[in-house]
Structure formats: C-alpha cells, structure tokens
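[1] let me see the structure of the following:
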Amino acid sequence: MDELRKAQPLYGIRVLDFGQAYAAPCAARLLADMGADVVKVEPPSGDFCRLSGRVEGDSAVFLGLNRGKRSISLDLTTDKGRAVAIDLIKKADVLVENFRVGVLDKMGLGYEATKKVNPRLIYCSIFSYGRTGPWVRRRGGDPWAQAISGIVASMGVKGQPPQMIGHSVIDFSIGAMTAFAIMNALFQRQITGKGTRVGTNLIHTALFLQEGAFHDYTVDDVLHVKWGRGFRGLFPYGPYPAKDGDVLTIYGQDDVEWADICSILGVEHLLADERYDTLEKRIERKAELYPILDEAFRKKTREEWKNEFRAHNYRCEPCLNYQELMATEQFKANNMIVEVDHPTEGHLRLLANPAQVGENTEWRGDTRHPPLIGQHSREVLKEAGYDPARIDALIAEGVVVEPDPGSIKLRGRDKSMRSATQVSDKARMQARAQANQEQLQQKK
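    Okay, the predicted model is just below:
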C-alpha cells in the first residue's frame, strides 16, 4: 500500500482542511484520494458535521467525507491557537476553507496574511455567493443555493407546492469543482513557482449544473418554470411505475417513437386519437396521458420491461435503490467501495473516488479511517517542529486537543441503539452546537 500511495499524483502534497460541513471537506477528501496528505484542522468541539441525530457517534456523511485524513484540533479563538495554525500553514501546499467572508482575515489567517509566510501556498476559499458583491456576508448553503439559482423554480408541478432536490448535489459538486481548481493551481505553481488564490461559489456551481436550461434562457429567452413530471417538460421522457418498482425510459418524443412505445405498452388506441397525434398536443395533454401509461407499465415487472424495450432496440432501465445497485455485478466489478476499520464506529463501507489515475486500479483512496477529533494533533505538531514539552503545554492549556485514550472504545453502528441513545445523543449535539456558536460569536 505504501508503494501505491507513493505512486499517486498528489503524493508529497500537504493540504490543510479548515472546512466544515460538506463542500470544503469534500474537496479535501478528493485530494486525499489522489495521494495528498490532508490534515483536518478542527475546533475543540469538532467539525459540526460530526453531529448525528440518528445513531450514537459521528454522522455517516462525516465518515465518508473525511476518510484518509488526519485531524488536529485547535482553538483558533486564542492567540496561541492561531500561532500554531500559522506554523502549519508555513509547511503546507494547499489550504481549503469555507468560512464566511472575512472571518479568517480577522483571525490573521486570510490570504493576504498567509501568502506572506508561505508564498507557494494555494489558498482556496469556497463562498456561498462569491468573493465580492452585496451578498458576501450572508450565510448560505446548499438549500439556499437551490432556491436562489433557479433549481426550485424549475421543479415540481405548476400550481402545486415547490420542490427541491433531496440530495446536497451543489455541496458535493462544488467540492469536485474546488478540487479541479486546486489541481490547476498546483500545475500553474509548477511553472511559476508561486502560490495563488482559488475561489468557487455555490451559486455559480448551481448554475453550472443547470447549464443547458440556463443557456435556453440566455440564448433563446426560454425561461424554465416548474417542469412538472418527467424531465424539463419533455414527454413521455421519465420514470413510470412497474409491477415491482419503477422504471425509466426516454423515448417517444417523435411520432415514430411514439407509435413504437404505444405498441410496446399495448396502448395502440392512443394512435388513433387525434387529440394526441402531434408532440405538441401530447405535451399539452400529458396530464391525461400519464395515468394511461402508468396503468400500462404496472402490468409487467422491471425486468420484463427492460427485455421488452431492448427487443425493440430501445432502453428501459430499472430505478434501483442503493441496496439493489450494490447487489449488481457491475457495481462489484467497478470496485466502488473502500472498507476501513474505525476504532469506535467499527467496520465501515465508504464510497470510493469515482476517478482513477494510472493503469493500476487497486488504489481507491487512502484507507486511513476517518479521524477522531484531534487524533493526530501530537504527530502533526511534531512534524511542524514542536518538541514534546511544548506540545504537552499546548494540550494542557486547551489550545490543542487530543482524544482521551480511555474514551476510545469500539461502539460500532448498532442501529438498535438509536432509541436508547436518543436523549444522550441530543444532549451531546446541543453541547457541541453551543460550543460552535460561542466560537462563531468570538470570531465576529
């Protein structure tokens, strides 16, 4: 494994992950998967994304976003904590953060301050709305970005309540976009020898995810509003209920395909109905056509429809849940899971990086488990040149935090503990949230 790690494109690159929640930690995790040494810099209470209201212990999303990293816990509200951060920055190649604009500047850890101590540093900030403009100090996040960027306005059925995407697609997408930007900055540094600043923001990324629809407006003045069922108002493109689940097909747009689909589904009578004899009419009256097609699709299983459509040179694929997908031979062949053993959470199956670099596909990211809060504080400080006595003093003062060895006990992810730990877990969440809030107030 050491040889595989050394063969990765970012081996030897040191990344400081000052991020919390999803976006910045996602970017740093992607860099770790490519061989970078990522040190997660957490407050004494830990990244608030560790909080889990479901089971005792760190949240599942935290475990996935922070595998392959080391953790040092610093109190950045103190002068000594900020001084330690500067010492770490001096030896880093990349810093990634998603604080609100101006927060790190006030702490002496902004771009202008850090480039003086490390001119080769790639300083990456993830903003909600951008680096400048009237909204820069507003709090943001994936749900608000969905609302502001036009995603919510284009989802759902006209006249019905609005809908949003049920996944944090913008946070994870900006993580990938940020990693892409950092890689470019590192390549540029190879040429210039100098570091630079990198910035991404949620709104721009959200528009990038809607680029086709966005250009419909900027180029052709077509404004997308609540598409309704299907995909961007197209008919009969979309998912349908089969006998044992759901399926999705994209065919039937033109008159030839419409005739074929009606034949496959056994609803040929629709072809003789002049109300539906053009695509424009079918789109206009799709609300009355969907129930007819739904009834037809319910007559066969997903597998039967897949085979039926393929026999006519069309595709109809099953809508799988995660359990069903992971049971497929294709999922197994693509080696999409990284398995690690965690000292408190037990054996974990985590998603591997989708990108593979090099001919040897055995490497799927650093297999170090997601870190405990401050688990590597001592070794990271030692690497920064701190002697044991100084490290002990910082820990004794609470400037640096490391886990209590007596508290590291294998707990596992026993889902039956959910109700039993609900009260204690809630108290733990409230205490950690209160500590984070106090830190935020001190940084303002």
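
[2] would you list the phi and psi of the residue lying farthest from the centre of the chain?
    In the chain, Ala272 marks the outermost C-alpha relative to the chain mean, sitting 48.5 Å out by C-alpha atoms, centre = their mean. For Ala272, the backbone dihedrals are phi -90, psi 0 (criterion: degrees, to the nearest 10).

[3] where does it land on pLDDT?
    pLDDT for Ala272: 94.

[4] could you report the neighbour count for Glu359?
    The tally of other residues near Glu359 (other C-beta atoms under 10 Å) stands at 5. Every residue, glycine included, has its C-beta placed from N, CA and C.

[5] what's the helix or strand for it?
    Following DSSP states H and E, one finds Glu359 outside all helices and strands.

[6] quick one: Gly245 and Pro318 touch, right?
    Yes. With contact defined as C-beta atoms under 8 Å, Gly245 counts as touching Pro318 (6.2 Å).

[7] confirm Arg197 sits in a strand?
    Yes. Judged by DSSP: H, G, I helix; E, B strand; the rest coil, Arg197 forms part of a strand.

[8] mind listing what it touches?
    Tyr111, Tyr123, Cys124, Ser125 (C-beta atoms under 8 Å, 6 or more residues apart in numbering).

[9] and the last one, backbone torsions?
    Here is the backbone geometry of Ser125 (degrees, to the nearest 10): phi -120, psi 140.

[10] show the contacting residues for it.
    Applying C-beta under 8 Å, 6+ apart to Ser125 gives the contacts Val96, Glu97, Asn98, Phe99, Tyr111, Arg131, Arg197, Val198, Gly199, Thr200.

[11] name the nearest residue to the fifth one, ignoring sequence neighbours.
    The one in question is Tyr111. Closest residue to Tyr111 apart from its sequence neighbours, by C-beta to C-beta, 6 or more residues apart in numbering: Tyr123 at 4.6 Å.

[12] filter the contacts of Arg197 down to just the buried residues.
    Listed as buried from these are Tyr111, Tyr123, Cys124, Ser125; burial here means 16 or more other C-beta atoms under 10 Å.

[13] these two touch, right, the second one and Lys116?
    Put plainly, it is Tyr123. No. Judged on C-beta under 8 Å, Tyr123 makes no contact with Lys116 at a distance of 11.6 Å.

[14] name the element the most centrally placed residue in the chain belongs to?
    For the chain, the residue nearest the mean C-alpha position is Phe172 (2.5 Å; C-alpha atoms, centre = their mean). For Phe172, the host element (DSSP H and E) is helix 169-192.

[15] now for that helix, which elements pack on it?
    helix 23-33, strand 94-97, strand 122-127, helix 142-148, strand 196-201, helix 202-209 (3 or more C-beta pairs under 8 Å, 6 or more residues apart in numbering; DSSP states H and E).

[16] quick one, that helix and strand 196-201 angle?
    160 degrees (axes from the mean of the first three to the mean of the last three C-alpha atoms, to 10 degrees).

[17] distance from helix 169-192 to the middle of the chain?
    The chain centroid and the centroid of helix 169-192 are separated by 15 Å under C-alpha atoms, centre = their mean, to the nearest Å.

[18] please identify the buried residues of stretch 223-233?
    Under the neighbour-count criterion of 16+ other C-beta under 10 Å, stretch 223-233 has His224, Lys226, Trp227, Gly228, Arg229, Gly230 buried.

[19] mind listing the helices for the stretch 251-400 of the chain?
    255-265, 279-284, 286-297, 302-311, 322-326, 329-333, 377-383, 388-396 (DSSP state H, counting those that start in this stretch).
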